[in-house]
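1. Let's see this in three dimensions:
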Amino acid sequence: MEFFHNHRGLGTRLVRVAVALVFLWFGVNQVFDPTSWLGYVPSWTSSLPISAQGFVLLVGISQTVLGVLLLIGLFTRWMAILGVLHLIPIILSVGYNEIMIRDLGLMFATLGVLFHGPDRWCLDTKLGGIRDSWIGKIVYLFDHNVDTQY
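-> Residues are numbered from 1 along each chain as shown. Predicted structure coming up:
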């Protein structure tokens, strides 16, 4: 049990990496094979000025960027906010099924990343000097007291 106590911060890091890999997997798949995802495009997107395939591609690119930035831990809380905001309409639009349950679990894990913020492995914690600049105060608005112990 001492092992788990000594490594208790590992759980939050693993959740961030796992969430990042899920977003990255979906994003890359949507970028390289957007036609396979057309069945998931909601009907309201027909009023947008882009095709359904263009919409899937745009979503795939955004999920890929989100996944990469979460994986390296850059703008961690901002990416978690965007991830949650991305998942809410999916959860609300698909109805009660396995996709909704999966995305609900992913949303709660992403909320965990949001509430925890950057961990010891995050690039955010390595960029200490930038936090004091005027741009750092905006970008790291939510990260005033980052606890890098975990």
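
2. Tell me the gap between the helix or strand of the chain with the lowest mean pLDDT and the middle of its chain.
-> Every helix and strand of the chain was ranked by mean pLDDT, DSSP states H and E. The lowest is helix 134-139, at a mean of 72. Relative to its chain's centre, helix 134-139 lies at 21 Å (CA atoms, centre = their mean, to the nearest Å).

3. same thing with stretch 55-70?
-> Using CA atoms, centre = their mean, the offset of stretch 55-70 from its chain centre is 9 Å.

4. do the same with stretch 83-103
-> Offset of stretch 83-103 from its chain centre (CA atoms, centre = their mean): 14 Å.

5. what's the neighbour count on L123?
-> 14 (other CB atoms under 10 Å). Quick note: C-beta positions are derived from backbone N, CA and C, even for glycine.

6. Hmm, I typed the wrong one, I wanted S36.
-> 11.

7. Let me know the pLDDT of it.
-> Model confidence at S36, given as pLDDT, is 96.

8. State the three-state secondary structure for it.
-> Secondary structure, DSSP: H, G, I helix; E, B strand; the rest coil: S36 is helix.

9. What residues does it make contact with?
-> N29 (CB atoms under 8 Å, 6 or more residues apart in numbering).

10. Need the nearest residue in space to the residue minimising distance to the centre of the chain, chain neighbours excluded.
-> Centrality entry for the chain: nearest residue to the mean C-alpha point is G83, 4.0 Å, by CA atoms, centre = their mean. In this structure, G83 finds its nearest non-sequential neighbour in T110, 4.4 Å apart by CB to CB, 6 or more residues apart in numbering.
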